[in-house]
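Colleague: sequence and predicted structure, then a few things I'm wondering about:
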Amino acid sequence: MIRASLFSLTFLLCSLPLQAREPVHVGVYDYQPFYQAIGEGHAGPIPDLVALLNTEQQEFEFELTPTTSRRRYQDFADGKFDMIFFESKAWGWQDYPLQASEPVFHGGEVWVALVEPGRDQSFFTDMTDKTLLGVLGYHYGFANFNSDPDYLRQNYDMHLVDNQNKIIELLLQDRADMGLIAYSYLNNYLHHHPEVRPQLIVSNFFDQEYRHGALLRQGIKLDLARLNALFERLKASGQLDKIWQKHHLVHLGAPRQ
């Protein structure tokens, strides 16, 4: 009789629905090497980081929500996502109800040009009469983080393309003088294309440096203290470092040729 009662209790407990996790929608757009949509899937550190956050706790379900570099502000305002990784509040987020987490990655952007006889670091210090390349929707320090395409074209002769890979392609074709590329992307690219390294010269200074974690919507159930605690656990366990190593990313020291 006791055994039957225990069996009935166990069956009842197993039959109860598990409490649903609270969804946290994470905005993502093409920002290599941190995120790239591939067919129906995803690649890069952000999907790996989201997977880690989901295994580290049971209360929240972090879900990737696609947006674009230019549409992300409106999508956030429309409530389509509540969190975004590897962004700076200076990149157009100043007037939105967001708060920044503790940083998890130290990055920055460098100028890159094609190697030519007599070309050295002084080439990067004067933009006069030079054609520049950047990515549409990105914010750059030299332009005071103004991402408006007309402003960049009229004031700096900066031409905007879809991604950083296109910048390298155009430089190698000698179709522009220099372009801005995230140091993390450049290291990842040169790991996969070592033959290109001797063809490029890289500035020994940064256009901007950033220490990024996540921007989190104020007032949602996931508060900033809890998110920071999750990041700290991932740091302490070495799991964050494994992600950077997997994707051939390095924290910034001095840029290397």
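Modeller: Cool, got the structure. Numbers count the residues shown, from 1 in each chain.
Colleague: rank the helices and strands of this structure by mean pLDDT and give me the bottom one.
Modeller: Lowest by mean pLDDT, DSSP states H and E among the helices and strands of the chain is helix 2-15, with a mean of 50.
Colleague: CA atoms of stretch 103-117 as PDB?
Modeller: The C-alpha trace of stretch 103-117 is given here as PDB (Å, rounded to 0.1, in the frame of the first residue of the first chain):
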ATOM      1  CA  PRO A 103      32.300  43.900 -20.000                       C
ATOM      2  CA  VAL A 104      33.200  40.500 -21.200                       C
ATOM      3  CA  PHE A 105      35.300  41.300 -24.300                       C
ATOM      4  CA  HIS A 106      37.800  44.100 -25.000                       C
ATOM      5  CA  GLY A 107      37.800  45.100 -28.700                       C
ATOM      6  CA  GLY A 108      38.500  48.000 -31.000                       C
ATOM      7  CA  GLU A 109      38.800  49.100 -34.600                       C
ATOM      8  CA  VAL A 110      42.000  49.600 -36.700                       C
ATOM      9  CA  TRP A 111      42.700  51.200 -40.100                       C
ATOM     10  CA  VAL A 112      43.900  48.800 -42.800                       C
ATOM     11  CA  ALA A 113      45.400  49.600 -46.100                       C
ATOM     12  CA  LEU A 114      47.200  47.800 -49.000                       C
ATOM     13  CA  VAL A 115      51.000  47.500 -48.700                       C
ATOM     14  CA  GLU A 116      52.700  49.700 -51.100                       C
ATOM     15  CA  PRO A 117      56.400  50.900 -51.400                       C
END
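Colleague: now that stretch: average pLDDT?
Modeller: The average of the pLDDT scores along stretch 103-117 is 93.
Colleague: for stretch 135-147, give me every contacting residue.
Modeller: 29, 68-70, 88, 90-92, 109, 127, 134, 149, 151-152, 155-156, 158, 160-164, 167, 180, 206-208 (C-beta atoms under 8 Å, 6 or more residues apart in numbering). Just so you know, the C-beta spots here come from the backbone N, C-alpha and C atoms, and that holds for glycine as well.
Colleague: for stretch 154-168, buried residues please.
Modeller: Tyr156, Met158, His159, Leu160, Val161, Asn163, Gln164, Ile167, Ile168 (16 or more other C-beta atoms under 10 Å).
Colleague: in helices, which of the contacts of stretch 135-147 fall?
Modeller: Within the contacts of stretch 135-147, residues falling in helices by DSSP state H are Pro149, Tyr151, Leu152, Asn155, Tyr156, Gln164, Ile167.
Colleague: contacts only, for the spatially closest residue to the fifth one that is not a sequence neighbour.
Modeller: It refers to Tyr156. Spatial nearest neighbour of Tyr156, excluding adjacent residues (C-beta to C-beta, 6 or more residues apart in numbering): Leu132 at 5.7 Å. Going by C-beta under 8 Å, 6+ apart, Leu132 touches Leu152, Tyr156, Asp157, Met158, His159, Ala176, Asp177, Met178, Gly179, Leu180.
Colleague: can you list the residues you listed in CSV and add pLDDT?
Modeller: Converted to CSV, these look like this (pLDDT from 0 to 100):
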residue, pLDDT
Leu152, 96
Tyr156, 94
Asp157, 94
Met158, 96
His159, 96
Ala176, 96
Asp177, 97
Met178, 97
Gly179, 97
Leu180, 97
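Colleague: quick one: which of those is nearest to Val196?
Modeller: Nearest to Val196 among these: Gly179, at 13.7 Å, using C-beta to C-beta.
Colleague: assess the claim that that closest one and Ile167 are in contact.
Modeller: Yes. Here Gly179 reaches Ile167: they are 4.0 Å apart, a contact under C-beta atoms under 8 Å.
Colleague: and of the contacts of Leu132, the nearest to Ile84?
Modeller: Leu180 (20.8 Å).
Colleague: bridged to that closest one, which residues?
Modeller: For Leu180, the beta-bridge partners are Trp111 (DSSP bridges).
Colleague: how about Phe206?
Modeller: Applying DSSP bridges to Phe206 gives these bridge partners: Val110.
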